[in-house]
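Enquirer: Need a 3D model of the following:
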Amino acid sequence: MYQTIEIYKEVVIQIATPKGSGTGFYLRNHNIIVTNHHVIEGCAEVSISGKNVPKQLAEVCFTDTRLDLAFLVAPNLEMPTINYSQEILRDGETIVAIGHPYGLKYTTTQGIISKAKRLHNGINYIQVDAAINPGNSGGPLVDNAGRVIGVNTFIHREGNDLGFALPSNYLEETLIDFENFGREKAVRCGSCTNVILLPKIQNSYCPSCGSKVIDFTKEIYTPIGIAHLIEELITQLGKNASLARAGANRWEMVEGSATINLTYNPESGYIFGDAYLCNLPKDNIGDTYSFLLQQNHSLKGLRFSVNGQDIILSFSIFGQYLKLQTAVDLVKNLLERADYFDNVLVNEYGATWRKQEEW
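Expert: Now for the predicted structure:
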């Protein structure tokens, strides 16, 4: 199983949208990324990243709301081949759910099949006792032989460690339909289940049964309010706002050796900027604390804090009346100061470079 987990590190993809985050996985035989529809809902393109996949945008190319499946156009990727199982599943078999729960990096959760066929809305799901947490959706459910047996899809709201995955036979059938339609951008109607090429959609309705369907290429996300201001300032700083999205009301940027997180809290109305710098030194820690306290007296609009071993440079500001240029200046100052202080703390005070989380 260890070798299997290492292989899947190469093919499991982290997905971020303006509404949240999720997981996908790359199928080399089809050259697409598989995920859930609810992960990418409302987006024509999403941000993807992986162990060997630099953060970039990927277009949605197929959606199926009934099965909660979606396919993304894959960039040119050199990844291992994984296969899906066609064998009959049995209760009690060992499985592993793989994904990026809560926006974290690669995580595996082992469990068993509680019930191989659990009928829900006319679809036979695999019920497992491995928790499928938010962010795990769209990831692969894998058997002991390293084959994909399902797509992690949802959890039971009232049940602890009760997850459900769409069996791989549904995925295989959908892939065949996608290939038969020439891999053109398409949707499956949730009512008549016909696959419809996007140009065939008639005023947002299925040409076969008249049910409403959504052309995902027209679902261009447009930030409003504070989110619009934040993305505008990110653009003015020379960054790609779409790539900076890290979930609902969250953005992430890298400047030199520092990682900067921007967060908007709608309840309080505050925007928070946190730059995670280096780690506290092992020796002469008192000198480091003295330096940070001195800087807190002299810095304008920024403040140092320590969380565990992390040294953090931050700001907070009420967003409702914030002007764009003021916001740009504030974040620009954080970016510049973060990169500068990171080097000062390491070179002059013996702090250690912060380790990046591994995939």
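
Enquirer: buried residues in the helix ranked longest in the chain?
Expert: Longest helix of the chain, by residue count under DSSP state H: helix 324-349. Using 16 or more other CB atoms under 10 Å as the test for burial, helix 324-349 gives 327-328, 330-331, 333-335, 337-339, 341-342, 345-346, 349. Just so you know, the C-beta spots here come from the backbone N, C-alpha and C atoms, and that holds for glycine as well.

Enquirer: could you give me the average pLDDT of stretch 77-85?
Expert: Averaging pLDDT along stretch 77-85 gives 89.

Enquirer: From start to finish, how long is it in a straight line?
Expert: Using CA to CA, to the nearest Å, the span of stretch 77-85 from its first residue to its last is 23 Å.

Enquirer: what's next to it, contact-wise?
Expert: 7-8, 10-11, 25-29, 52-53, 140, 143, 145-149, 168, 171-172 (CB atoms under 8 Å, 6 or more residues apart in numbering).

Enquirer: ok, now stretch 100-109?
Expert: Stretch 100-109 is contacted from outside by 5, 8-9, 12, 14-16, 21-23, 51, 96-99, 130-131, 133-136, 139, 246-247, 250, 357-359, using CB under 8 Å, 6+ apart.

Enquirer: now do the same end-to-end measure for it.
Expert: Terminal residues of stretch 100-109 are spaced 11 Å apart (CA to CA).

Enquirer: Please apply the same query to stretch 130-150.
Expert: Length of stretch 130-150, first residue to last, CA to CA: 13 Å.

Enquirer: Quick check: Cys136 vs Gln309, distance?
Expert: Cys isn't right for residue 136; it's Asn. Per CB to CB, to the nearest Å, Asn136 is found 28 Å from Gln309.

Enquirer: Those two: who's more crowded?
Expert: Each of Asn136 and Gln309 has its neighbours counted (other CB atoms under 10 Å); Asn136 has more, 28 against 14.

Enquirer: And for that one, nearest residue in space, chain neighbours not counted?
Expert: Spatial nearest neighbour of Asn136, excluding adjacent residues (CB to CB, 6 or more residues apart in numbering): Gly99 at 3.5 Å.

Enquirer: List the residues that contact that neighbour.
Expert: Gly99 neighbours (CB under 8 Å, 6+ apart): Val12, Gly22, Thr23, Thr107, Ile132, Asn133, Gly135, Asn136, Ser137, Gly138, Gly139, Asn152.

Enquirer: Centre of the chain to the helix or strand harbouring the second one, how far?
Expert: Element membership of Gly22, judged by DSSP states H and E, is strand 20-27. Taking the mean of its C-alpha atoms, strand 20-27 sits 7 Å from the chain's own mean (CA atoms, centre = their mean, to the nearest Å).

Enquirer: In terms of secondary structure, what does that strand contact?
Expert: Under the contact definition 3 or more CB pairs under 8 Å, 6 or more residues apart in numbering; DSSP states H and E, strand 20-27 sits against helix 2-11, strand 12-17, strand 32-35, helix 37-40, strand 94-99.

Enquirer: any idea of the mean pLDDT in the helix or strand following the last one?
Expert: Scanning forward in sequence from strand 94-99 by DSSP H and E, the next helix or strand is strand 107-120. Mean pLDDT, computed over strand 107-120, is 93.

Enquirer: Check which residues of strand 107-120 are buried.
Expert: Judged by neighbour count (16+ other CB under 10 Å), strand 107-120 contains these buried residues: Thr107, Thr108, Thr109, Gly111, Ile113, Ser114, Lys115, Ala116, Arg118.

Enquirer: and what of stretch 6-17?
Expert: Within stretch 6-17, judged by 16+ other CB under 10 Å, the buried ones are Ile7, Tyr8, Lys9, Glu10, Val11, Val12, Ile13, Gln14, Ile15, Ala16, Thr17.

Enquirer: Quick check: which ranges of the stretch 251-359 of the chain have low pLDDT?
Expert: 357-359 (pLDDT under 70).

Enquirer: Tell me which residues touch Lys239, please.
Expert: Contacts of Lys239 by CB under 8 Å, 6+ apart are Met253.

Enquirer: what's the spacing between it and Lys105?
Expert: From Lys239 over to Lys105 (counting by CB to CB), the distance is 22 Å.

Enquirer: Repeat that for Ala116.
Expert: Using CB to CB, Ala116 is found at 30 Å from Lys105.
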